[in-house]
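Visitor: coords below, sequence missing:
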């Protein structure tokens, strides 16, 4: 493997030959050879990821990595490296990273390494295209449309009708929901700005994801106008508190606009009571958004979808398949019940891109309803996983994760040395198990356990508990 | 390759065996085997992409693809498909898509298929992690930090100091710039909303990207407060018009806040005169943003970087390596001169995620300065390409693209049947060549030619011109 199949480029400085792989005149075989060497590195990594004797992470501090671990040089330079060195760089990058697919990795809401999803991502990057128009991504645009419709059907909106997009993550999806709500009630804000509206307020749980507050700040509402709702002992919004705060806001002359109900909160895994919140939203004519970034996946399970009961009454829903459903990052959907409103909210009629005189049905172009212009293809891996598992496969994955979390709960609830941070856990068996590990300390710290990795088994839960005890011995 | 290495999952409905690949008890070899079959499909696709006898696109209308071309069924169902069928789906997906890496694909600002970049994306999806904290992406977080610093050095900010992030695209990067400008001058908007500020106005070229207007709408300024600036015959902002419009706004009692100068406009490839605009911004104390989503790559070329002269005076810069530099989608940077301001603007102090009592230097955590929570790893492919090419390789790539566009210009400027839409093209040889192809029609239509594909050669330009003539015969 020698770095010699670049071609001399005229017009650059000097006539040095740079070993880039493309354009590779008559060098296609070397190009493919290089890719296959990378694939070997990657498949070795995949093999080891599922090997429980491998560490999840070989931790180093920033200064250690920056100083160059065993020759791993992160600095960029003017001169090219050889392809051999590029392969070494690839190995080192994986070596010092986190094995998020490891069966004993429980730290994040996104864990696991689904092989079909991975294959989907490899194909996506090979296709290297963009979601903004049908003509540049015909297959992916249709896949997105069909998949969003399926998701809306699972939410329970009639005939799966409505609107939606895949966005670069739950925070952006939640931001969309606030923008669309504002456009629904105060469309003139689009042209005239927030000064054209009265003082608008948003409501969300004190335990909700911080992205609602970020949206409030970014979109010009101000964080003071994001009213936090009190929760019960299980971390769920108290509907009476919502109504009281709506009345309080109205009395002050503010205009309640939007309520976010969380389906699967970030730390507690709590599900807000959507039906009761929807009743209040209807009574006061407010937009109801359900942030199901984490818990949306439960809609795939006949056994557990009741936790989102009432979601069909929402005006919009955030649902991240890249969390509990195990789809590789990034894969987040914003779904909206009213068809066409996203275009109304976000279109700027960029004629050069979204030409109405194209020779195909331009209603398939999605760019004008996004806040993005170019948009990464996040749909294919998800579509491919759905094909491979069927709805029934996602259901089994969800059911298994919840069974495992129940198993963990059962194991530690009466075990000496552990305490549940919430003693009412039975009601929210989604994923939250939070043992205090420093009962002698003055700080309440705890483990948040997340079970979303399809590779995790009961023995991994056993290992984890033993490991916490082993490490706790030294405290 | 048989779909039989799933395991029965308890707790699901029934005991059906779903052929998902993970968890794959003792099935690692089958897992790897499947990945290698996918890789074969992908490498065949790569080979064909660079074969000029292959079509760029085999176009079908939406209804044709939805009806199922030759058995290609896009619909999702409850039941799983076999792995053999999954491989067929992968082949079909590529078959009906656009070969954006084809040497004769000139349609979008992002073209080409860089093999090192592709390898980088494959590794990124295998690592499947998230940029929000150092602990979950130690290597990638450091790579991002070092790369952003290099980019700031190329902009010309002292010692490469400042702030920045990779965002999901140029539109979001531009949105960041407006948010940060607002925070700089009216920090109280973060908590109190737009009503705490006077009527703020933004300025941008009539030829600028529509994302500035989208940001104006989304962030609560209103599109009417995005003032469009007139351009000269080459599509460049007229500085005197900017000053006149600033004065006009002030006279009306509005407060000018932000000016966007475009470095490489979307349709004309025009470069606004940054120095003259910067003079005006300094005079009136306005935030200067340079949208170099398209043209930023020219900073890598000693020959062409003068087109962005003055960029070092900007307060913020958008620069998309996924455009002219040929990095796979998505890869867009927002760069800010003032250090720490992004955190001030966007932090919400989500204690559960960005715990200050972690056991490493938490200033490396990036999540609190983003509007996203989870953030896709966009850095690795770019970092790896930079390693492989060196700065000098990017320079040669840029120089080659601009040489090719000059070649195209020279070929058609005096050719019968072609007319330049702008006869002053010489001054903006970046990429825009726009022949009218229907001189007898009543509509002015034209080809926008984009040269960013490293695989394109002079012979491809020749082919294109001949092809336009050949197709034009029938009109």
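Guide: All right, it came through fine. Because the structure is predicted, anything quoted here is derived from the model rather than measured.
Visitor: now stretch A:364-379, how far from the chain's geometric center?
Guide: Mean C-alpha position of stretch A:364-379 versus that of the full chain (CA atoms, centre = their mean, to the nearest Å) differs by 17 Å.
Visitor: Quick check: end-to-end length of that stretch?
Guide: Its start and end residues considered, stretch A:364-379 measures 15 Å (CA to CA, to the nearest Å).
Visitor: Strands of the stretch 1-150 of chain A, start to end?
Guide: In the stretch 1-150 of chain A, no segments count as strands under DSSP state E, counting those that start in this stretch.
Visitor: Flag the shaky bits of it, pLDDT-wise.
Guide: A:1-28 (pLDDT under 70).
Visitor: and the closest residue to chain B within chain A, what pLDDT?
Guide: Closest contact between chain A and chain B, by CB to the nearest CB, is at residue A:220 (2.4 Å). Where you see a C-beta, it was placed from the backbone N, CA and C, and this is true even at glycine. pLDDT, residue A:220: 98.
Visitor: Report how many residues lie close to it.
Guide: By the measure other CB atoms under 10 Å in any protein chain shown, the count of residues near residue A:220 is 30.
Visitor: what about stretch A:269-286, average pLDDT?
Guide: Averaging pLDDT along stretch A:269-286 yields 97.
Visitor: OK, contacts around the residue of chain A closest to chain B?
Guide: Neighbouring residues of residue A:220 by CB atoms under 8 Å, 6 or more residues apart in numbering or on different chains: A:193, A:194, B:189, B:193, B:194, B:219, B:220, B:221.
Visitor: let's see it at 10 Å
Guide: By CB atoms under 10 Å, 6 or more residues apart in numbering or on different chains, the contact set of residue A:220 is A:182, A:189, A:193-195, A:197, A:200, B:179, B:182, B:189-190, B:192-197, B:200, B:218-222.
Visitor: for the stretch 251-400 of chain A, what spans make up the strands?
Guide: Going by DSSP E, counting those that start in this stretch, the stretch 251-400 of chain A shows strands at A:255-262, A:287-292, A:316-319, A:332-336.
Visitor: Neighbouring strands - and their directions - for the last one?
Guide: Using DSSP bridges, the strands paired with strand A:332-336 are strand A:163-167 (antiparallel), strand A:316-319 (antiparallel).
Visitor: can you give me the angle that strand makes with strand A:287-292?
Guide: If you take axes from the mean of the first three to the mean of the last three CA atoms, to 10 degrees, strand A:332-336 sits at 150 degrees to strand A:287-292.
Visitor: ChimeraX command for the buried members of the contacts of residue A:220?
Guide: Selecting the buried subset of the contacts of residue A:220 in ChimeraX, with 16 or more other CB atoms under 10 Å in any protein chain shown as the burial test, is done by:
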select /A:182,189,193,194,195,197,200 /B:179,182,189,190,192,193,194,195,197,200,218,219,220,221,222
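Visitor: if we can go back for a sec, highest mean neighbour count out of the strands paired with strand A:332-336?
Guide: With neighbours defined as mean count of other CB atoms under 10 Å in any protein chain shown, the strands paired with strand A:332-336 peak in mean count at strand A:316-319, which reaches a mean of 32.
Visitor: contacting residues around the residue nearest to residue A:160 when sequence neighbours are not counted?
Guide: Distance criterion CB to CB, 6 or more residues apart in numbering or on different chains; nearest residue to residue A:160, sequence neighbours excluded, is residue A:153 at 3.8 Å. Contact analysis of residue A:153 by CB under 10 Å, 6+ apart lists A:159, A:160, A:161, A:162, A:299.
Visitor: Helices of the stretch 51-200 of chain A, residue ranges please.
Guide: Assigned by DSSP state H, counting those that start in this stretch, the helices in the stretch 51-200 of chain A fall at A:62-66, A:83-95, A:115-127, A:138-155, A:170-185, A:189-192.
Visitor: Same question for the stretch 301-450 of chain A.
Guide: Counting by DSSP H, counting those that start in this stretch, the stretch 301-450 of chain A has helices at residues A:341-346, A:379-413.
Visitor: so of those helices, which one's packed in deepest?
Guide: Ranked by mean neighbour count, these are led by helix A:379-413 with a mean of 23 (mean count of other CB under 10 Å).
Visitor: In the helix or strand just after that helix, which residues are buried?
Guide: Note on helix A:379-413: by DSSP states H and E, the next helix or strand toward the C-terminus is helix A:458-472. Buried positions in helix A:458-472, judged by neighbour count with 16+ other CB under 10 Å: A:460, A:461, A:464, A:465.
Visitor: now swap in stretch A:32-52 and tell me
Guide: Within stretch A:32-52, the residues that qualify as buried by neighbour count (16+ other CB under 10 Å) are A:32, A:34-35, A:37-39, A:41-43, A:45-46, A:49-50.
Visitor: Quick one: neighbours of the residue lying closest to residue A:123 once chain neighbours are set aside, just the number.
Guide: Among residues not flanking residue A:123 along the chain, residue B:90 sits closest, at 5.6 Å (CB to CB, 6+ apart). Neighbours of residue B:90 under the rule other CB under 10 Å: 23.
Visitor: domains for chain A, by residue range?
Guide: What automatic domain parsing lists as the domains of chain A is A:18-99, A:124-383, A:390-472.
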